[in-house]
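**Q** Okay, sequence plus prediction incoming.
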Amino acid sequence: MSEPRTPEPALSVQGDSPTSTRDEDAADGTQHSQRMLNFSDALLSIIATVMILPVTHTEISPEQFDKSIQKLLATRIAVYLMTFLIVTVAWAAHTRLFQVVGKIDDTLALLNLACMMTITFLPYTFSLMMAFPEVPLGIFLFCVCVIAIGAVQALIVVYAFSFPHLLNPQVGCAAPRGLCRQHILRIVLRGPALCFLAAGFSLFFYPVSYVLMATVIFLPYVNKAASWCRDRLLGPQESPAHSMEFFTFNLQEPLSKERVEAFSDGVYAIVATLLILDICEDNVPDAKDVEERFHGSLVAALSVYGPHFLAYFGSFATVGLLWFAHHSLFLHVRKATQSMGLLNTLSLAFVGGLPLAYQQTSAFARQPRDELESVRVSCAIIFFASIFQFAMWTAALLHEAETLQPPARFGGREHAFMFAKLALYPCASLLAFASTCFLSRFSTAIFHLMQIAVPFAFLLLRLLVRLALALLRALRGLARPAQGVEEAPQAPLLPAPC
């Protein structure tokens, strides 16, 4: 027990503790897991986001656009959302795992790289699932990847508990260390166990496989509901040791605000980067084509791609402003709840679909007859990406004393401004969608007008909110004197009985 306790005096000192701790780790052949965790977070955010690429490159037939878009929405987007959420579950499990493992050595670093390598294979299996949703092989390979990820994470747990100086001091100093290891392994292997069943069902009845894989996403909430029902039926159970509560999916304390911000920033940055990839790939004219069709004029050749550049700038502005709204929200968040984490994940899933919205809007020039459906798909993606942000803020308001800073609470000076900022994109996208129902001939103009107007609205938002609040105060001020004039004759009658 002496090894895990040696760093504790250094951790209690504020001044020289980081340097002394790093020196001790270097001499001991270990290092802190923070940098590896940052690397893993970046890789997982990339893997979760590039899942949309096979969907964006779907060929939509102009002759059968309605059937193609129905297939796109019913199968490919649904499978994308499910796999995106499964990757976020893997990210949350990985983050919690390295709350237990405080330090790493070369073996743990290599095991983590093996886990990351397996995760990077998920987009390929997803592409197979998307292209052949009824063929068992894609589902089987996806489930095998998830099982392999769980197996490597289990090896990390076993190895870390074999060398207690690698564990977090709260776990390393626990008396029932074997019981704690068993508890963590049981939690780590729950999702892979469901995927093992899903792989088996994929061989003879694949719909059950999709149900089991979807259950992996909501497993923390299923466990929480089961615990609540068990407590109601059997009475409250004895709480486990503090060290065992440190790693569980049913914590009332979810992942830290900083980890959620880092993962979310990664998704937004990658989505913004993916938009330019299609511009670089599809909108650079061929030299021979420029010479033959445009008589050597590069300006004339680039003018053909005008709608594509317009769609790119509009899509980038949408991604940037959604990130700005997310940043403003978490600027006022003190602590994220479990429901806020789920809503944030759902919002990020639709943010990851914004490259699909770009592909749809950039196709206006090629398929003008299908622009109405493309506008509606794009408006729907933007609406869901933003409405889950608004729902996250609403969930924070339900427990505002512990989740929000005072300025963003009810009656705070930033409350009305945050309400307007988070409601802007849901209202604008919903208004654009509804307008296309009555003005379908102008659907393209309506969509581009929304993309141009919303950034200017963000710039003027604080001024507009202040004007609206001043107007409300003025109306209240006019109403109060009117009430005072009506009640003035009755005022002298009150003290008469005395």
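**A** Thanks, I have it.
**Q** show me where the stretch 151-300 of the chain has helices.
**A** For the stretch 151-300 of the chain, the helices defined by DSSP state H, counting those that start in this stretch cover 169-172, 177-188, 190-201, 206-217, 219-234, 242-245, 257-282, 287-293, 298-303.
**Q** and those as CSV, adding mean pLDDT and mean neighbour count?
**A** Backbone N, C-alpha and C define where each C-beta goes, glycine included. Compiled in CSV, the helices of the stretch 151-300 of the chain are given as follows (pLDDT from 0 to 100; neighbours: other Cβ atoms under 10 Å):
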stretch, mean pLDDT, mean neighbour count
helix 169-172, 66, 20
helix 177-188, 80, 17
helix 190-201, 88, 20
helix 206-217, 83, 18
helix 219-234, 74, 13
helix 242-245, 44, 17
helix 257-282, 83, 17
helix 287-293, 74, 12
helix 298-303, 75, 13
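**Q** any chance of these in CSV, with distance to His399 too?
**A** Shown next, in CSV, are the helices of the stretch 151-300 of the chain (distance: least, Cβ to Cβ, whole Å):
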stretch, distance to His399
helix 169-172, 26
helix 177-188, 26
helix 190-201, 28
helix 206-217, 23
helix 219-234, 16
helix 242-245, 20
helix 257-282, 14
helix 287-293, 60
helix 298-303, 53
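**Q** between the ones you listed, which gets nearest to Leu475?
**A** Of all those, helix 257-282 sits nearest to Leu475, with 38.4 Å by Cβ to Cβ.
**Q** So which of the helices of the stretch 151-300 of the chain is nearest Phe140?
**A** Evaluated over the helices of the stretch 151-300 of the chain, closeness to Phe140 peaks at helix 190-201, with 5.1 Å, by Cβ to Cβ.
**Q** which SS class is Ile387?
**A** helix (DSSP: H, G, I helix; E, B strand; the rest coil).
**Q** Spatially nearest residue to it, not counting backbone neighbours?
**A** Pro426 (4.6 Å; Cβ to Cβ, 6 or more residues apart in numbering).
**Q** would the one you found count as being in a helix?
**A** Yes: counting by three-state DSSP, Pro426 is found in a helix.
**Q** Quick one: residues contacting it.
**A** Shown in contact with Pro426 (Cβ atoms under 8 Å, 6 or more residues apart in numbering): 383, 386-387, 390.
**Q** which one of the residues you listed is nearest Leu356?
**A** Using Cβ to Cβ, Phe383 is the member of those that lies nearest Leu356, at 13.8 Å.
**Q** Quick check, pLDDT for the closest one.
**A** The model reports Phe383 with a pLDDT of 92.
**Q** cool, Ser347 as well?
**A** Predicted confidence (pLDDT) for Ser347: 91.
**Q** name the helices or strands packed onto the longest helix anywhere in the chain?
**A** Scanning the chain for the longest helix, with DSSP state H as the assignment, gives helix 443-487. When contacts are defined as 3 or more Cβ pairs under 8 Å, 6 or more residues apart in numbering; DSSP states H and E, helix 443-487 packs onto helix 306-331, helix 371-398, helix 415-438.
**Q** Grab the nearest non-local neighbour of Ala301.
**A** Pro285 (4.2 Å).
**Q** ok, now Ile270?
**A** The shortest distance from Ile270 to any non-neighbouring residue, by Cβ to Cβ, 6+ apart, is to Thr49 (4.3 Å).
**Q** quick one: which helix or strand includes that neighbour?
**A** For Thr49, the element it lies in under DSSP states H and E is helix 34-50.
**Q** what stretches of this structure score poorly on pLDDT?
**A** Low-confidence segments of the chain (pLDDT under 70): 1-30, 57-74, 171-175, 235-254, 281-283, 305, 360-371, 479-498.
**Q** Break it into its domains for me.
**A** Domain assignment for the chain, taken from automatic domain parsing, gives 26-227, 257-475.
**Q** quick one on the thing from earlier: the longest helix of the chain versus helix 306-331: what angle between them?
**A** Angle between the axes of helix 443-487 and helix 306-331 is 40 degrees (criterion: axes from the mean of the first three to the mean of the last three Cα atoms, to 10 degrees).
**Q** tilt between helix 443-487 and helix 371-398?
**A** 40 degrees.
**Q** any idea how far helix 443-487 is from the chain center?
**A** Centroid separation between helix 443-487 and its chain, computed with Cα atoms, centre = their mean, to the nearest Å, is 31 Å.
**Q** what's across from Val101 in the sheet?
**A** Leu167 (DSSP bridges).
**Q** just to revisit the earlier point, do you know which of the helices of the stretch 151-300 of the chain lies nearest Phe126?
**A** Closest to Phe126 of the helices of the stretch 151-300 of the chain is helix 206-217 (Cβ to Cβ; 11.3 Å).
**Q** Give me the contacts around stretch 119-128.
**A** Contacts of stretch 119-128 (Cβ under 8 Å, 6+ apart): 43-44, 47, 50-51, 53-54, 79-80, 83, 87, 90, 135, 137-138, 141-142, 145, 149.
**Q** Would you mind listing the buried residues in it?
**A** Of the residues in stretch 119-128, 119, 121-123, 125-128 count as buried by neighbour count, 16 or more other Cβ atoms under 10 Å.
**Q** What is the neighbour count of Leu310?
**A** By other Cβ atoms under 10 Å, the residues close to Leu310 number 17.
**Q** Next, count neighbours for the residue nearest to it when sequence neighbours are not counted.
**A** Counting by Cβ to Cβ, 6+ apart, the nearest residue to Leu310 once its immediate chain neighbours are dropped is His448, at 6.8 Å. Around His448 there are 18 other residues, counting by other Cβ under 10 Å.
**Q** related to what we said a few turns ago, closest one to Cys437 among the helices of the stretch 151-300 of the chain?
**A** helix 257-282 (28.0 Å).
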